[in-house]
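Peer 1: Show me the folded form of this:
(2 chains)
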Amino acid sequence: MSVSLWSGLTLVLRRDLALSLRRPDQLIQPLVFFLIVTTLFPLSLSPEPSLLRQMAPGVLWVGALLAALLSMDGLFRGDAEDGTLEQLLLSGQALGAIVVAKTFAHWLVSGAALVLMAPLVATALGVPVGAFPVMMLSLGLGTLTLSWLGAIGAGLTVGLRRGGVLLSLIVLPLAMPLLIFGANATDRAIGGESAAGALYFLASLCLFTTTLAPFAAAAALRITVE
Amino acid sequence: MSSLDFLTVDDVHVWRGDRHVLKGVSLRVGPGELLHVWGPNGAGKSTLLRVVSGLLRPEQGAVRWAGQSIADDPAAYHAALAYAAHEPALKADLTAVENLRFSVGLKRRVADGELRAALSEAGVAACADLPARVLSAGQRRRVALARVLAVQASLWLLDEPYTNLDASGAELLSRLLDQHRDRGGSAMIVAHQTLVLARPVGRLELGA
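Peer 2: Just a heads-up that it's a prediction; the model follows:
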């Protein structure tokens, strides 16, 4: 009685969500980081509402990217350190599917949580409520794409004792298109213009990484474990 | 377990950097056979086990299971395999049963009752609902042993399974190995000490 790909996938997803919920501090830290970083800008530049609204897309996106990246290093590290990764590799399940489950579980507790938190920060920066749907959609697509890119980086750096900084150096340059188009979409939504073009571009990037990154991350993990 | 379930390792060479760790190791383990791998520290015992498990690809040579190279169909091979590394591979925040549910569940459909039965066979029934964090090193080792039992694999690969086990634990492990052999299972055991089993086992010395 072998286990189907789908039940293996949901099992890993459930395990990782259960683990995250038992360690709420790791869930909350990126959110608090997001809150603090976005608060630093008005404090250091100017609390002038019109200026804040102008800066808001950039501040939101830089804050969200850095916060999401902060937790990326832990994606495979825990499993690699306690030997679970080897068990996963020998489970008879496709490693690509395991990567998909782990990355998606990670996005649910990091990226998706940031998206839900974004309206709070946006309100503080004077973003009109009408721009929220586009802002949240763009952040959702952007953080999911970042999670896929981060999975490749985490797979490559998991063998290093302190891979966190290297992970950022690998992922941040790749994340620049996300920042450009994501901030542009949010900016257009604030100005009341159509953000469709930028959103389509973000969606295509998200699809591109969703289909290819699991294979790349699985290959990276295999090399690291050897 | 069919009679074809032979593990054969042919002339395996592994280099780690400049170090030639495994210099042409060959072995054969059939159904109902146990192989005790021993040798001094750094002789490549764990490396050999990793090669046999498929975690590490040898630079030269081949590992075959049931006549087929393990690289050809790793999923089928891994379904027949239970590997217990030096680390017990338990999540500190999950209970013993949850740990098994997730790791055994990836290999075969399993009910919690079976997992509890395996834990009680390994002598840690009382720890079933405790988080792995509070277990002692010996108890964790027993939970890892329960995982090997619950997977119901025909080939066991055990890396230093006697570490951290007390006298009764060591006795239990030897008894389980005997039972596994009687059922027609096979195993490779990396251990420093002499194995005290009902019948003598094959021995492979590395680094001699």
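Peer 1: Where do the helices of chain B begin and end?
Peer 2: B:45-53, B:74-79, B:96-105, B:112-121, B:137-151, B:167-182 (DSSP state H).
Peer 1: Do you have the helices of chain A handy? List them.
Peer 2: A:5-22, A:24-44, A:49-72, A:74-81, A:84-89, A:95-109, A:111-124, A:132-157, A:164-174, A:176-190, A:196-225.
Peer 1: what's the closest of these to B:Leu157?
Peer 2: Minimum separation from B:Leu157 across those (C-beta to C-beta) falls at helix A:84-89, 10.9 Å. Placement of C-beta: from N, CA and C, glycine included.
Peer 1: nearest residue to A:Leu108 other than its sequence neighbours?
Peer 2: Distances taken as C-beta to C-beta, 6 or more residues apart in numbering or on different chains place A:Leu17 nearest to A:Leu108, at 6.8 Å, with adjacent residues excluded.
Peer 1: if I pick that neighbour, what's in contact with it?
Peer 2: A:105, A:108-109 (C-beta atoms under 8 Å, 6 or more residues apart in numbering or on different chains).
Peer 1: related to what we said a few turns ago, most packed of the helices of chain A?
Peer 2: helix A:132-157 (a mean of 25; mean count of other C-beta atoms under 10 Å in any protein chain shown).
Peer 1: what sits against residue 121?
Peer 2: Just going to use chain A. Here A:Val121 is in contact with A:34-35, A:38, A:60, A:63 (criterion: C-beta under 8 Å, 6+ apart).
Peer 1: Sorry, I should have been clearer: chain B.
Peer 2: B:146, B:149, B:176.
Peer 1: now whichever residue of chain A sits closest to chain B: how far from B:Ala85?
Peer 2: Per C-beta to the nearest C-beta, A:Gly83 is where chain A lies closest to chain B, at 3.2 Å. Separation of A:Gly83 from B:Ala85 (C-beta to C-beta, to the nearest Å) stands at 5 Å.
Peer 1: try A:Ala131
Peer 2: 52 Å.
Peer 1: More neighbours: those two, which one.
Peer 2: Taking neighbours as other C-beta atoms under 10 Å in any protein chain shown, A:Ala131 and B:Ala85 compare with A:Ala131 leading, 23 against 20.
Peer 1: Let's see the pLDDT reported for the more buried one.
Peer 2: For A:Ala131, the model assigns a pLDDT of 94.
Peer 1: Quick check: A:Ser71 touching A:Ser110?
Peer 2: Yes - under the criterion of C-beta atoms under 8 Å, A:Ser71 makes contact with A:Ser110 at 4.9 Å.
Peer 1: what sits in contact with each of the two?
Peer 2: A:Pro30.
Peer 1: where in the chain is pLDDT low?
Peer 2: I went with chain A, as the question did not name one. The model of chain A has pLDDT under 70 over residues A:1.
Peer 1: my bad, the chain I had in mind was chain B
Peer 2: B:1-4, B:208.
Peer 1: and if we set it to 50?
Peer 2: B:1-3 (pLDDT under 50).
Peer 1: tell me the domain ranges of it?
Peer 2: B:1-80+B:153-208, B:87-152 (automatic domain parsing).
Peer 1: Give me the distance between the two termini of the last one.
Peer 2: To tie it back to what came earlier, the one meant is domain B:87-152. Distance between the two ends of domain B:87-152: 20 Å, counting by C-alpha to C-alpha, to the nearest Å.
Peer 1: Give me every residue in chain B lying close to chain A.
Peer 2: B:53-57, B:74-76, B:78-79, B:81, B:83, B:85-94, B:98, B:102-103, B:105-109 (C-beta under 8 Å from any C-beta of the partner chain).
Peer 1: now do 7 Å
Peer 2: By the rule C-beta under 7 Å from any C-beta of the partner chain, the part of chain B lying against chain A is B:53-57, B:75, B:78-79, B:81, B:83, B:85, B:87-91, B:93-94, B:102-103, B:105-109.
Peer 1: If any of those residues are buried, put those into a PyMOL selection.
Peer 2: Buried subset of the residues of chain B next to chain A, written as a PyMOL selection, criterion 16 or more other C-beta atoms under 10 Å in any protein chain shown:
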select buried, chain B and resi 53+54+55+56+78+79+81+83+85+88+89+90+91+93+94+102+103+105+106+107+108
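Peer 1: who touches the residue of chain A closest to chain B in this structure?
Peer 2: By C-beta atoms under 7 Å, 6 or more residues apart in numbering or on different chains, A:Gly83 lies in contact with B:85, B:87-89.
Peer 1: which of the domains of chain B is buried the deepest?
Peer 2: Per stretch, and counting mean count of other C-beta under 10 Å, the top mean among the domains of chain B goes to domain B:87-152, which has a mean of 20.
Peer 1: Show me the two of the contacts of A:Gly83 that sit farthest apart.
Peer 2: Checking the contacts of A:Gly83 with C-beta to C-beta, the most distant pair is B:Ala85 and B:Pro88, at 8.2 Å.
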